[in-house]
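Peer 1: what's the 3D shape of this:
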Amino acid sequence: MKWALVVAAAIVALAIAAVVFVPVVADIPRVQALIAGSASQTIGRPVRFSAIVVRPLPLPSVELKGLEIGDDPRFGAAPFLKLEKGTLRLGLLALLAGRVEVSRVILTQPSITLLQDAGGHWNIATLGAGADARSGSARAPRAGSGGTAGSGPGVGGPGVAGTVLGSRIRIDRGVVSYALRGGIVGKYRIEDLNLKLKSSGTQVTAAGDLRVRPGDLRVRIARGSLALPAARTPLLDSAVQADVSLDGKDVGALMEAAVGPAPAVAGAITGTLVVTGSLGAPRVAGKVELPGLQITQTRQTCPEPRKRTLTVSGVTLNVHWEGAGVQARPFTASLGRGKITTNVTASFEGSPRMTLSDVVVKGVPLETLVDFLCQGYVVTGPLDLTGTFSMKLKGMWKTLAGEGQLSIGPGKVVGPQAVALFENLVRAGGALSSVLAPDVPTGLGASPLEFDAITATYQIVDGVVTTRDLLYTTRTIKVGVTGQYALASGAMNLDVVVNHQRGRIAAKVTGTVAAPSIQVAPSALVRDLDPDKLQRGLQDLLKRFR
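Peer 2: Numbers count the residues shown, from 1 in each chain. Now for the predicted structure:
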C-alpha cells in the first residue's frame, strides 16, 4: 500500500508539472522549427504547416494545422500530402528534462496523391532519399521561419525516422488518389484509410483497413511490416510484408474504370492475399473468389431486349500480381453444368491485354450462351474445347487471337441465320440427290436442326476465325466447312460441302450473317441427274438463297 501511494503521488506530481511547464519548455517557434526541419530532413521534401497549438491536457501534445508536404518537382507544384490536422503527443518525462520527444503521431484525414509518369517512375520514389535523391531533384531549402523546411544532408535511416515520428502512428480517414502512366488523377482512389503503425527502430508494423474506389472493395491489412530504409536508401526499396483480405459487394464500377463500360462485369468478391517484395515493387499472391459473376452487354444486332446478361458461377483465381501484370493460375469457373479451367495473364501497361493459356472447357451447355451472344449462327449442345486465346480488353472482338480445337454435340442449330443457311444447303443436297423428287421434306426450318456432332480445329487472328476442317454430322448428312468468319462484323467467306447419302453439293457462302450470299457450284453436284431438272432445281434454290 505504501508503494502504491508513492507511485500515485508521483503520477499526480508529473501531471501538475506538465500543465505548468509544457507551455514554457515547448515554446512555439522552437517546436515548429524542430518538427518541420526534422520531418523535411527525413523525407527529403519541403514541409509546411499554417499553425501549431500546444495542448497540455489530457496528455502533452502538439497539433499541426494545415500541414502540407511538397511533391517531387518533376511532378508539379501541387502538394504530395495535405493534412487537416496532425497531432504529436510528447513524452512527459522528456519535457520535464527540457527535451521534446514525440511518442505518438495521429494524422487526421490526410490526402495523398500518388503519380506515375509515362516512364513508370513514381513521385514517391524520392521520399527518404534527401539531397541525394536518385531522381536528381533539386535540393529544397533548409528549415527557416514560417514553418517551412527543406531536405538536409545525410537524411534517411531508421534512427532519424524513429526519433522524429515516434514509436506509434495512427492514420484516420485518409484518402489516397493515384494516377498510372500520366492518367487522370482521382480516377482511382483509396478512401477511409485507417492504419495503426508502430515503429521498433528498424521496422514499422501495420494493421488497418481501407476502401478502394470506384466500386466498394473493402481491404483489411493484418500483420503488416515495413523495414525502415538505411541512410541514403530510397523508401521504395524497403521490404514489405502483409496479410490482406478482400471483401466487396460489387466489382462492377472498379472493372468499368479499369477496362471500360462494355461488357459490364458485376458480382461480389472475397479473397485472402499475402504481400511481399518491396514497397516500390510489391508481389501479391493468394486466392480470390467471385461466387456469381454477371457479364452484361448490349448488341444492336439483337432483337429486343438488346441488353443480355450471362451468369458465371464459382469463379476462383489463384492470383499472383507483380509489376503491371496479374496471373491467375489456375482460373476455374462453372457455366451451367460445365466447367472451365485456364491460366490467365493480364497486363495493364498501356492498352490492357489478357491471355488465356491451357484453356479446357468441359461439358459447357451452349444453350446458356444463346441469348447472351445473340449470334445468327448459334448452336446448342455440350461444348468441349481446348486451346489458347489473347485479346485487348477494349475492343475484344476485333483483337481476339488464338487457336485450338472444339467438339459440340449432340445438339441443335438455333441461330436464325444458321437455320436458314442449313435449310437451304440441306434442301439443295436432298433435292438434287433425289433428282429433285417431290418427296423433299418441307418446312425444314420450322424447328431447330438437330445434329450428332460438330468438330473443328480453329485459328483466330484479329477477331477473324479460320477453320479448315469443321465437320457438321447428322444421321444422313455431313457438312464440311472451310474458310473465315469475323466475330465483330459477322462477315463470312466459307466453302461448304454437303455430303448426302445420295450425293454431294458444294457451295460458296459470303456476305454477312445478316445478309448471306450462297452460290452453288454446278460441277460439284451429284451424278446421274437429268440436266433440265437440275437447271430448274438450281434456279429455284438460288431464289431461296437470295
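Peer 1: Give me the contact list for the helix or strand residue 110 falls within.
Peer 2: Using DSSP states H and E, the element containing residue 110 is strand 102-115. With CB atoms under 8 Å, 6 or more residues apart in numbering as the test, strand 102-115 has contacts from 71, 75, 78-91, 122-124, 163-179, 185, 193. C-betas here are computed from N, CA, C, even on glycine.
Peer 1: and those, which of them are in strands?
Peer 2: Among the contacts of strand 102-115, DSSP state E puts 81-90, 168-179, 193 in strands.
Peer 1: tell me which residues of stretch 270-282 are tucked away?
Peer 2: Buried residues in stretch 270-282, defined by neighbour count with 16 or more other CB atoms under 10 Å: 271, 273, 275, 278, 279, 282.
Peer 1: Could I get the CA-only coordinates of it as CSV?
Peer 2: The C-alpha trace of stretch 270-282 is given here as CSV (Å, rounded to 0.1, in the frame of the first residue of the first chain):
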residue,chain,number,x,y,z
THR,A,270,-13.8,-12.1,-51.5
GLY,A,271,-10.1,-13.0,-51.2
THR,A,272,-7.1,-13.6,-49.0
LEU,A,273,-3.7,-12.4,-50.2
VAL,A,274,-0.1,-12.2,-49.0
VAL,A,275,2.0,-9.2,-49.9
THR,A,276,5.8,-9.5,-50.1
GLY,A,277,8.7,-7.8,-52.0
SER,A,278,9.5,-4.1,-51.6
LEU,A,279,7.3,-1.0,-51.3
GLY,A,280,8.2,0.0,-54.8
ALA,A,281,7.9,-3.5,-56.3
PRO,A,282,5.4,-5.5,-54.3
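Peer 1: Okay, and the beta partners of residue 207?
Peer 2: residue 196 (DSSP bridges).
Peer 1: and the gap between it and residue 197?
Peer 2: The spacing between residue 207 and residue 197, counted by CB to CB, to the nearest Å, is 9 Å.
Peer 1: for residue 220, same thing?
Peer 2: From residue 220 to residue 197 the distance is 15 Å (CB to CB).
Peer 1: ok, these two, which is more surrounded?
Peer 2: When neighbours are counted by other CB atoms under 10 Å, residue 220 and residue 197 differ, and residue 197 comes out ahead with 20 against 14.
Peer 1: how near is the more buried one to residue 203?
Peer 2: For residue 197, the distance to residue 203 - CB to CB - is 10 Å.
Peer 1: Same check on residue 170?
Peer 2: Distance of residue 170 to residue 203, given as CB to CB: 17 Å.
Peer 1: all helices for the protein, in order.
Peer 2: Assigned by DSSP state H, the chain shows helices spanning 2-25, 28-43, 92-96, 158-165, 252-259, 367-373, 396-399, 416-433, 531-545.
Peer 1: Domain-wise, how is the protein divided?
Peer 2: In terms of domains, the chain is parsed into 1-242, 411-545 (source: automatic domain parsing).
Peer 1: Report how many residues lie close to residue 515.
Peer 2: Number of residues near residue 515 (other CB under 10 Å) recorded here: 10.
Peer 1: for the closest residue to residue 349 other than its chain neighbours, what are its contacts?
Peer 2: In space, and not counting its chain neighbours, residue 349 is closest to residue 324: 4.2 Å by CB to CB, 6 or more residues apart in numbering. Residue 324 is in contact with 347, 348, 349, counting by CB under 8 Å, 6+ apart.
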